[in-house]
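Chemist: Following is a predicted model, sequence given first.
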2 protein chains.
Amino acid sequence: MREAIRAELTAAAMRSIDEVGFAATTAGAIAASVGVTERTFFRYFPTKEDAVLQPIEALGPSIAEELRRRPAAETPARALRAAFAVAVDSVTADPVTMATVMRLNRNEPALRGRHLQQQDLWVTALAAALGERLGLPADSPRSRLQCGLMMLAWEKALTSCYEAGDFTRAGDELDAALEESRAFLQVAPLTGR
Amino acid sequence: MREAIRAELTAAAMRSIDEVGFAATTAGAIAASVGVTERTFFRYFPTKEDAVLQPIEALGPSIAEELRRRPAAETPARALRAAFAVAVDSVTADPVTMATVMRLNRNEPALRGRHLQQQDLWVTALAAALGERLGLPADSPRSRLQCGLMMLAWEKALTSCYEAGDFTRAGDELDAALEESRAFLQVAPLTGR
DNA sequence: TCAGTTTGTGTCAGTGACTGACACAGTGTC
DNA sequence: GACACTGTGTCAGTCACTGACACAAACTGA
């Protein structure tokens, strides 16, 4: 596979979806605009949605990889937070791509759906890595919950950055989201009605 | 629309997917097994996935509705938790359906994807209701984060119930998940590396 | 240098999800 | 008895996605 073609397809897909919408953008048209066949398009991407999500596809696995590299002495929370620095770096390194992906995600439910599914896989991968540290089974509910919390805070951070139009603050926004989560859950007894 | 037909279609879809899998189950076949046309199937459900998810479709809106009914004096956390009692009741009232939906979700990524999308809409609806209480805009990141936290704990609770084969504990499991979340975020300073 | 393999692509035929338009029957209403 | 409303079938069509096959170019080793 030639990475140049892949990038061209992604760019063409984004452009077209921006102009005429996701539904009106056919896979064949994207392919044709790059000088390639529809069949070839589907050799590069499993679905039409993936063409757009491709730029951030590797992010999840990268975070999981970093999580494995964190010293065993760190608490789960600190190791996870440190691993997400990879995501922060990635976003601050190329804010334009991330902003574009987020914009398309907001406007197109189909895209958002696929993105959620992708994130779900990320959480699974993270939970597996975290499980190793804790000596828990690969997909234990506990590590899944912890990774889910982190991912939720990350999403909140991204949203804040997006709305502020400033992705350089991603790290700070992530910490703020975590703090906000802590404060929310802090308030005395939830139980009892 | 006749609700009897809708229920039959859902039942037929679940049975077939259980036996031969999601991909091998065509919409036409589901429809035919109920004595109806494929076209009619798609008048009842927007997508094949929705036929299976239908039993829990109304849950999100119900929770949001209850959230609106909670006294204004309650903190967001308490009001949200109280609103989720609706979900707890629904699950304990019909554990078999929920267990089936969860089992299919686990085995079929396509179903899981749609379910995540559904949940995302629930969070949006909840965040809107919560925003009203707090005087925040409809989809403010803050209320979204809080509702997301609750939904995450709810998912964890359901998973625990499912694995234990006992949905009567849903309420307790939800509280346990919230407590676990609190403990995770509690540990001193996350920031700084 | 040449046979053999690997890689990227086109072509073609096919399946299945989903949609719009139209016709038609049954049921209720005034 | 004219009229609207509801639920359904039929038909034609679009488009995502897949498998099988053929073909050319680039690479590989003797």
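Modeler: Arrived safely, thanks for sending. Numbers count the residues shown, from 1 in each chain, chains lettered A, B, ... in the order given.
Chemist: Identify the residues contacting the residue nearest to the spatial centre of chain A.
Modeler: Of all residues in chain A, the one closest to the mean position by Cα atoms, centre = their mean is residue A:119, 5.5 Å from it. When the contact criterion is Cβ atoms under 8 Å, 6 or more residues apart in numbering or on different chains, the partners of residue A:119 are A:60, A:151, A:155. From N, CA and C alone the C-beta is placed, and that goes for glycine too.
Chemist: Near the first one, how many other residues are there?
Modeler: Residues near residue A:60, counting by other Cβ atoms under 10 Å in any protein chain shown, number 21.
Chemist: before we move on, the earlier item: nearest to residue B:167, of the contacts of residue A:119?
Modeler: Residue B:167 has its nearest neighbour among the contacts of residue A:119 in residue A:151, at 25.8 Å by Cβ to Cβ.
Chemist: Distance from the chain centre to the helix or strand hosting the closest one, please.
Modeler: Residue A:151 is part of helix A:141-164, with elements assigned from DSSP states H and E. With Cα atoms, centre = their mean, to the nearest Å as the basis, the distance from the averaged C-alpha position of helix A:141-164 to the chain average is 10 Å.
Chemist: Past that helix, which element shows up next along the chain?
Modeler: Past helix A:141-164, further along toward the C-terminus, the next helix or strand under DSSP H and E is helix A:170-186.
Chemist: tell me the angle of that following helix relative to helix A:141-164?
Modeler: An angle of 120 degrees separates the directions of helix A:170-186 and helix A:141-164 when computed by axes from the mean of the first three to the mean of the last three Cα atoms, to 10 degrees.
Chemist: anything in helix A:170-186 near chain B?
Modeler: Yes - legend: contact between helix A:170-186 and chain B by Cβ under 8 Å from any Cβ of the partner chain is shown at A:175, A:177-178, A:180-182, A:184-186.
Chemist: From those, list the buried ones, please.
Modeler: Neighbour counting over these (16 or more other Cβ atoms under 10 Å in any protein chain shown) leaves A:175, A:177-178, A:180-182, A:184-185 as the buried ones.
Chemist: what secondary structure does the spatially closest residue to residue A:71 that is not a sequence neighbour sit in?
Modeler: Beyond its immediate neighbours in the sequence, the residue positioned closest to residue A:71 (Cβ to Cβ, 6 or more residues apart in numbering or on different chains) is residue A:79, lying 7.8 Å away. Of the three states, residue A:79 takes helix under DSSP: H, G, I helix; E, B strand; the rest coil.
Chemist: from what I can see residue A:79 touches residue A:129, true?
Modeler: No - in terms of Cβ atoms under 8 Å, residue A:79 does not count as a neighbour of residue A:129; the distance is 9.2 Å.
Chemist: what about these two, which has more around it?
Modeler: Each of residue A:79 and residue A:129 has its neighbours counted (other Cβ under 10 Å); residue A:129 has more, 24 against 21.
Chemist: Tell me how far the more buried one lies from residue B:140.
Modeler: Using Cβ to Cβ, to the nearest Å, one gets 32 Å for the distance from residue A:129 to residue B:140.
Chemist: Can you list the buried residues in the longest helix along chain A?
Modeler: If each helix of chain A is counted by residues according to DSSP state H, the longest one is helix A:109-134. Neighbour-count burial for helix A:109-134, with 16+ other Cβ under 10 Å as criterion, is recorded at A:110-120, A:122-131, A:133.
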